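what follows is a predicted protein model with its sequence.
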Amino acid sequence: MNPLCDRCGRVVYPTEKVNCLDKFWHKGCFSCEVCKMTLNMKNYKGFGKKPYCNAHYPKTNFTCVADTPENRRLKEQSKMQSQVLYKEDFEKSKGKGFSAIADTPEMQRIKKTQELIGNIKYHEEYDKKMGGRPHSVPVNASQSSQPSAASQNFKHEPTPAPVQAAAAAAAAPPPSAGKRYRAVYDYAAADEDEVSFVDGDVIIDVQQIDEGWMYGRVERTGHQGMLPSNYVESI
């Protein structure tokens, strides 16, 4: 049974049949929906299963989005997600380039502490190398088979490495006699090189490090280390 034309509704015979857009057309009925120009399989454009010419082919246009509370919420959510992704990328790339560090009293204190630790480690390694190096005693070829009495009695004693207490003493700044301070607040040490104290404690042998930190010894406990300057007052 022959199909019907989608345009005119009449029977389409095989000699004049056009099969396109899942429909059947007469060759004369296969035309643009707007200008009725006859089309063929090479110059038609389909939209919504209807043929159009190139000039009248429907164009998609952008629509304005209403400024509703829901759309504003979606906008803020998208903005927050983009900021999260930016922070993640920043954290991943952090450390790959140079970054400026603020020259604050805290950073100056950390820098000085690192310099002191570096100097201590350098001297420890140097003393170990010098102390563990054996002293060579020259011998003649005739004496190589049998050591002499002097060489037998000779014993090398390497120089002992500095103990931890000596290293800690080297790390501490030289005390300044006569400078005494009284604690006006309680302070709990937040680092290994700091010292804890309570309100009323007397701090002696104080050495000013920078505007925010000083070095001293708590007279009550005998402990010494770094302490914040704004927690004490001069006696």
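Yes, it's here. This one's a predicted model, so the numbers in the text were calculated from it and none came from an experiment. Residues are numbered from 1 along each chain as shown.

which residues touch Lys27?
Glu16, Val18, Thr38 (CB atoms under 8 Å, 6 or more residues apart in numbering). Backbone N, C-alpha and C define where each C-beta goes, glycine included.

what is the least confident helix or strand in the chain?
helix 149-153 (a mean of 46; mean pLDDT, DSSP states H and E).

for this structure, which segments count as strands?
Assigned by DSSP state E, the chain shows strands spanning 17-20, 23-26, 45-47, 50-52, 181-183, 202-208, 213-218, 224-228, 232-234.

now do the buried residues in the fourth one.
Applying a neighbour-count criterion of 16 or more other CB atoms under 10 Å, one finds Pro51, Tyr52 buried in strand 50-52.

and that strand, what does it pack onto?
For strand 50-52, the elements it packs on are strand 45-47, judged by 3 or more CB pairs under 8 Å, 6 or more residues apart in numbering; DSSP states H and E.

and the strand it packs on, how far from the chain's centre?
53 Å (CA atoms, centre = their mean, to the nearest Å).

likewise stretch 46-62?
The chain centre lies 52 Å from the centre of stretch 46-62; the measure is CA atoms, centre = their mean.

and the contacts of it?
20-23, 30-35, 37, 39, 43-45.

for it, what is the average pLDDT?
Here stretch 46-62 scores 85 as its mean pLDDT.

so what are the domain limits for this structure?
As assigned by automatic domain parsing, the chain contains the domains 1-63, 175-234.

okay, those, which one's buried deepest?
domain 175-234 (a mean of 16; mean count of other CB atoms under 10 Å).

quick one: distance of it to the chain centre.
Centre to centre, stretch against its chain (CA atoms, centre = their mean), the figure for domain 175-234 is 35 Å.

low-scoring stretches of this protein, by residue?
Within the chain, the ranges that satisfy pLDDT under 70 run 60-66, 94-103, 126, 129-178.

for it, longest helix please?
helix 105-131 (DSSP state H).

report the buried residues of that one.
Arg109, Thr113, Leu116, Ile120, Glu124.

gap between the closest residue to Val11 other than its chain neighbours and Asp89?
Nearest non-adjacent residue to Val11, counting by CB to CB, 6 or more residues apart in numbering: Asn2, 4.9 Å away. According to CB to CB, to the nearest Å, Asn2 and Asp89 sit 65 Å apart.
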